[in-house]
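# Need coordinates for the below:
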Amino acid sequence: MGWPVLRQFLGGDPLGRSSSVVSRKTTEITPRTTTADRAVQSVCPYCAVGCGQKVFVSDEKVVQIEGDPESPISRGRLCPKGSASEQLVNSDTRQTTVLYRAPRAKDWQEMDLETATEMVVDRFLESRRNKWQDVDEHGRHLGRTMGIASLGGATLDNEENYLIKKLFTAAGAIQIENQARI
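Take a look at the predicted model:
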């Protein structure tokens, strides 16, 4: 019986909720999760909720990302953005190199990560040094810089935000805010 309606009524499945609605093609398909070499637990990168994800890897390539049923936060559920995060990882348009555009330049140029990191560190320290305030107009000790500010993102967890807050406070910054609080 090839036609689904015939299978439904003649096969003892009048409501069409069992094997009568399953096609041959559907039975031949194997889920990507069964062919994966391993599953790795992760956290969705999109917002501050921190939904658990199971990342299925085959031949060192991400083949599927699903909600982690063991996560006490999301209990196996993901929003549409979290469900599509496999596309974020495997997209052909994903940027995998550091790009730099010099001031007033029209084009971007590739730069190695070490050079880019050194450039950021140099600019951070120069800004700190140039805007350092040791004392105020009354001679009171300030020990701060007005040349550095931090706006943290809500996708970071508490531990990461704590370390960033400590780093910027130790550098003398006082303008420290977080998206989660705004």
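# Please identify which helix or strand holds the most centrally placed residue in the chain.
Centroid-nearest residue in the chain, with C-alpha atoms, centre = their mean: Pro45, separated by 2.2 Å. Secondary structure from DSSP states H and E places Pro45 outside every helix and strand.
# could you measure it against Glu177, distance?
Per C-beta to C-beta, to the nearest Å, Pro45 is found 21 Å from Glu177. Glycine gets a C-beta too; all of them are placed from N, C-alpha and C.
# Ok, Ala36 next?
With C-beta to C-beta as the criterion, Ala36 and Glu177 are 41 Å apart.
# Are there helices or strands packed against the lowest-mean-pLDDT helix or strand in the chain, and which ones?
When the helices and strands of the chain are scored by mean pLDDT, DSSP states H and E, helix 4-10 comes last with a mean of 76. Packing contacts for helix 4-10, counted by 3 or more C-beta pairs under 8 Å, 6 or more residues apart in numbering; DSSP states H and E, involve no helix or strand.
# my guess is Val49 meets Ser74, correct?
Yes: in this structure Val49 lies within contact range of Ser74 using C-beta atoms under 8 Å: 7.2 Å.
# Looking at those two, which is more packed in?
Ranked by neighbour count (other C-beta atoms under 10 Å), Val49 and Ser74 place Ser74 first, with 20 against 14.
# Give me the pLDDT for the more buried one.
You'll see Ser74 listed with a pLDDT of 89.
# which helices and strands does the longest helix belonging to the chain pack with?
Counting residues, the longest helix in the chain under DSSP state H turns out to be helix 113-130. In terms of contacts (3+ C-beta pairs under 8 Å, 6+ apart), helix 113-130 is packed against strand 98-100, strand 141-152.
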